[in-house]
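Novice: fold the following, please.
(chains A and B)
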Number of protein chains: 2
Amino acid sequence: EDAEKLLESKKQADDGQSGGQFVLKCAKGTRDYDPFQMAIREGVFSVIISCFKRHGAVSISTPVFELKETLLGKYGEDQKLIYDLADQGGELLSLRYDLTVPFARYVAMNKIKTIKRYHIDRVYRRDQPRMTLGRYREFYQCDFDIAGEYDPMIPDAECVRIVYEILSQLDLGSFIIKVNHRNVLDGMFEACGVPPEKFRSICSSVDKLDKTEWEEVKKEMVEGKGLEEAVADKIGEYVKLSGHFELLEKLMSDMGLTAVASARAGLEDMKLLLHYCELFGVLDKVSFDLSLARGLDYYTGVIYEAILTGDATMKDGEVPAVGSVAGGGRYDGLVGMFDPKGQHVPCVGVSIGIERVFSILESRAKEAGGKGIRTVETQVMVASGQKNLLEQRMKVCTLLWNAGIKTEMLYKRNPKLLNQFQYSEREGVPLLVIVGEEETVKGGVKIRDTHTREEDFVEMAALVPELNKRLAECQHSERV
Amino acid sequence: EDAEKLLESKKQADDGQSGGQFVLKCAKGTRDYDPFQMAIREGVFSVIISCFKRHGAVSISTPVFELKETLLGKYGEDQKLIYDLADQGGELLSLRYDLTVPFARYVAMNKIKTIKRYHIDRVYRRDQPRMTLGRYREFYQCDFDIAGEYDPMIPDAECVRIVYEILSQLDLGSFIIKVNHRNVLDGMFEACGVPPEKFRSICSSVDKLDKTEWEEVKKEMVEGKGLEEAVADKIGEYVKLSGHFELLEKLMSDMGLTAVASARAGLEDMKLLLHYCELFGVLDKVSFDLSLARGLDYYTGVIYEAILTGDATMKDGEVPAVGSVAGGGRYDGLVGMFDPKGQHVPCVGVSIGIERVFSILESRAKEAGGKGIRTVETQVMVASGQKNLLEQRMKVCTLLWNAGIKTEMLYKRNPKLLNQFQYSEREGVPLLVIVGEEETVKGGVKIRDTHTREEDFVEMAALVPELNKRLAECQHSERV
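Specialist: Numbering: from 1, shown residues only, chains lettered A, B, ... in the order given. Coordinates of the predicted model:
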């Protein structure tokens, strides 16, 4: 990690140097997307949005900043990572930290009782960035949430299905969706003898188990948080456990755990959830995992986290895919924090964290030499190899734009034919329309196929239909 | 205006009141988009992005904030409207004011020599909001820019074509694209006897002519900026002028103007621009208008502004469509301000300001009772009128999701059939799959057509093909 920090600070210093009189760089922890990255991003968003729409979600959008007080008291100790705007007179504002709190504010403000919505947008955390690991200060979240008073675990199971569909379709290799329940966690703490006032704090320690060895977490519990070692050891036994119905049965016959009423209720929820996951055809990727905790204060029921586990389909040199790419849970109290009468609207949702997904797909696409990724969608280049045909080219462009054909020409009076060919080949433009004196006399142009390099004369009146025919063929053979 | 401000402050107070212990509202000058507004927004973006792609643009993205110094010295006196982030340690940051300066920073930082890109994103101005007029502190810009050393006026004319295509396709009624040239403006000032040090300042006054009467602008020039009245009167004669080639001829024979070398060059540019606009088939909407100035410091050549002029197709009560919806121009010096060696990359671009477009389309859609605007794309509702069929419904949903069909079910164990019908009718879901005991025994389900209310039995194995067939028919008859 230190090496990485060093590398990044060196990189920043370099960026600064190249800026001469001033620093020519993006703000720390942020980045530009170049056209290649944007093409990948568009593909990822398209898969995700299709999935959200397939499940009947509407879309909403909220501003990038909120009143500061809207965000306060929602994120526990992570609150210190919130970006504030300068006080330039007027309201005190902060950049949003996630899309969940603005969603809850929106639901309360508009007195909404039921909504299933998605929201894809950027959020801001003044965290230590680890850009090489896909951890930024400005990053995208893709959220899907279901708000409303419904029968237990039905929307909760659909959230698992959503994560399953998206991770499958993005083709990221094998993955697992860990599920757990706040009530089961709290019941476990109670059964182990953790004092109630330490539940949240011990929960934060458990949350570190995905990145940290048990021994270290235990040390934090005992030495840092004053937990009895025997209690910590009991927790250590539980958090090893994961499985499906067989684990559920084991826990349901655990007298210590089932003596706690809320734990029993949590286990009933988990039983339903696993059953519904089976009906939704996703149980094979689901793991009821007692080590899953999740740090945010606002969760009240089921919690989720999806992990890429990496596998044989990964190529050498690919960014290690192991890590969390989605998370979420049930938060039945958050809307009530905003409602003037404290009226609750139960909510459950998942957030797909796609920066890591971008990193994986980007490095995979780069390895493939950018094959199959086009940054422009141009279908036809209107070209000429002779002089003084700019006006002719402009007229042909106009004709094609009017016909809805994606068309470009070089912005030169007399461009070299070779440059026009090279541009078309580099950018994957399948067809050229070549304007020439001879063809003009004959009332037409030539069509050149970039792939076969064959050229055919076509009369002007037949140009658009002929192009459309050929473009349809290209599309068919997946060359566009 | 005062009445409007009053209304808004009243509205804000109301919002505040309803929040009880705290203020439940969006930050001043910002707003949420509800699902209905998002559906409209998606349609508008789709038209605009299609146009940008039809012209071969790549897409890039930059962070929402930049180093403060990146934005300084680019916007003239409007610099005071920039939002700063609080100093929480580290770099001093500001929210972007437009997409043009970040683009120039991107081009310089990556040493790009040629690029044609679009960028659609939100920008921030700490201005007095006029939300009823579509003027916000957070708002979208849709930018298309061409950077590179090219032959004169070819990319400049394509920008006009872009604005023409977008405004035509959005079907906003009649519009006009005003064009002018910074050199012609400066030449005009010189010919009228404006001292050179007052060019930019007098230019700012001229810029107000779209909203302010000449007499008032003149008063500002004479009393506020100390211009001789005779000089102002001469300007007054010029800024009345607009037209096409006939105006160009008139100006080219204006001895005072053509005595200024840069004015002659500007007029030559305008001649080419009008000629190319004719070839691109857009001259009928273009007006060479000497009153067009544009306030931003960085323009160096052609400038544009598109205005909706309203017309007979507008309905009563519609938001007045008169106003600027696009603007832009040539800025050949901006990239050089970022390049350590001061190397210039000439640029020209346009920005579509779509908040006003949203307002118009939104009020039009509301007038039409929301007809034709769906906020969900659900194709099939999996329903049941009998008890204890939740598991059956879940299995059918799984089947349909696996087949890529947009499918919903209500999140109740035993929902009422009527609620399921009503949801489908309200949301325009064309088909229902009804699960029943009798049908289950027969190995199938019923398909119900929301429109005709006809129901047919279909065997489970034939369900997906039958739904796909019917959905294709619905799409054909434009009911989906």
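
Novice: tell me the contacts of residue A:155?
Specialist: Taking Cβ atoms under 8 Å, 6 or more residues apart in numbering or on different chains, we find residue A:155 in contact with A:116, A:146, A:148, A:348, B:411. Where you see a C-beta, it was placed from the backbone N, CA and C, and this is true even at glycine.

Novice: name the residues of stretch A:158-178 that are buried.
Specialist: A:158-167, A:170, A:172-173, A:175-178 (16 or more other Cβ atoms under 10 Å in any protein chain shown).

Novice: for PyMOL, what selects the buried ones among the contacts of residue A:155?
Specialist: This is the PyMOL syntax for the buried subset of the contacts of residue A:155, where burial follows 16+ other Cβ under 10 Å:
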select buried, (chain A and resi 116+146+148+348) or (chain B and resi 411)
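
Novice: any chance of CSV for the contacts of residue A:155, columns distance to residue A:382, pLDDT and secondary structure?
Specialist: As requested, the contacts of residue A:155 are exported to CSV (distance: Cβ to Cβ, whole Å; pLDDT from 0 to 100; DSSP: H, G, I helix; E, B strand; the rest coil):
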residue, distance to residue A:382, pLDDT, secondary structure
A:116, 47, 98, strand
A:146, 50, 98, strand
A:148, 54, 98, coil
A:348, 53, 98, strand
B:411, 54, 97, coil
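
Novice: quick check, pLDDT for residue A:6.
Specialist: At residue A:6, the predicted lDDT confidence score is 54.

Novice: list the ones among the buried residues of stretch A:158-178 that fall in strands.
Specialist: Among the buried residues of stretch A:158-178, the members found in strands (DSSP state E) are A:175-178.

Novice: columns distance to residue B:33 on top of those residues, output as TSV?
Specialist: Putting these into TSV (distance: Cβ to Cβ, whole Å) gives the following:
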residue	distance to residue B:33
A:175	32
A:176	35
A:177	30
A:178	33
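
Novice: quick check, nearest of the residues you listed to chain B?
Specialist: residue A:177 (15.8 Å; Cβ to the nearest Cβ).

Novice: show me the contacts for the closest one.
Specialist: By Cβ under 8 Å, 6+ apart, the neighbours of residue A:177 are A:160, A:163-164, A:282, A:285-287, A:304-307, A:326.

Novice: kindly report the same for residue A:194.
Specialist: Residues in contact with residue A:194 (Cβ under 8 Å, 6+ apart) are A:202, A:227, A:231, A:235.

Novice: and the closest residue in space to residue A:166 that isn't next to it in sequence, what element?
Specialist: Spatially, and ignoring its direct neighbours in sequence, residue A:166 is nearest to residue A:51 (5.1 Å; Cβ to Cβ, 6 or more residues apart in numbering or on different chains). Using DSSP states H and E, the element containing residue A:51 is helix A:35-54.

Novice: again, but for residue A:401
Specialist: Here residue A:401 is assigned to helix A:390-402, by DSSP H and E.

Novice: any idea how far residue A:137 is from the residue of the stretch 251-400 of chain A found nearest chain B?
Specialist: Closest contact between the stretch 251-400 of chain A and chain B, by Cβ to the nearest Cβ, is at residue A:340 (3.1 Å). In this view, residue A:340 and residue A:137 are 34 Å apart by Cβ to Cβ, to the nearest Å.

Novice: the more surrounded of those two?
Specialist: Higher neighbour count among residue A:340 and residue A:137: residue A:137, with 23 against 15, using other Cβ atoms under 10 Å in any protein chain shown.

Novice: contacts only, for that one.
Specialist: A:27-30, A:124-127, A:129.

Novice: who wins on neighbours among those residues?
Specialist: residue A:124 (25 neighbours).

Novice: for that one, which non-adjacent residue is spatially closest?
Specialist: That would be residue A:95: by Cβ to Cβ, 6+ apart, it lies 3.9 Å from residue A:124.

Novice: give me the beta-bridge partners of the one you found?
Specialist: Residues in a beta bridge with residue A:95, per DSSP bridges, are residue A:65.

Novice: quick one: it and residue A:82 touch, right?
Specialist: Yes. Contact status for residue A:95 versus residue A:82: in contact at 7.2 Å, counting by Cβ atoms under 8 Å.

Novice: what sits up against stretch A:419-432?
Specialist: A:374-376, A:378-384, A:408, A:410, A:447-451, A:467, A:470-471, A:474, A:479-480.

Novice: ok, residue A:415 - how many residues close by?
Specialist: Residue A:415: 20 neighbours (other Cβ under 10 Å).

Novice: wait, what's in contact with it?
Specialist: A:383-384.

Novice: just to revisit the earlier point, can I get the contacts of residue A:137 in JSON lines including secondary structure and pLDDT?
Specialist: Output for these, formatted as JSON lines (DSSP: H, G, I helix; E, B strand; the rest coil; pLDDT from 0 to 100):
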{"residue": "A:27", "secondary structure": "coil", "pLDDT": "96"}
{"residue": "A:28", "secondary structure": "coil", "pLDDT": "95"}
{"residue": "A:29", "secondary structure": "coil", "pLDDT": "95"}
{"residue": "A:30", "secondary structure": "coil", "pLDDT": "96"}
{"residue": "A:124", "secondary structure": "strand", "pLDDT": "97"}
{"residue": "A:125", "secondary structure": "coil", "pLDDT": "96"}
{"residue": "A:126", "secondary structure": "coil", "pLDDT": "95"}
{"residue": "A:127", "secondary structure": "coil", "pLDDT": "90"}
{"residue": "A:129", "secondary structure": "coil", "pLDDT": "84"}
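
Novice: near chain B, which residues of the stretch 251-400 of chain A show up?
Specialist: Applying Cβ under 8 Å from any Cβ of the partner chain, one finds that the stretch 251-400 of chain A approaches chain B through A:276, A:279-281, A:338, A:340-341, A:375-378, A:390-391, A:394-395, A:397-398.

Novice: and with 10 Å instead?
Specialist: Proximity of the stretch 251-400 of chain A to chain B is confined to A:275-282, A:337-342, A:348, A:374-381, A:390-395, A:397-400 under the rule Cβ under 10 Å from any Cβ of the partner chain.
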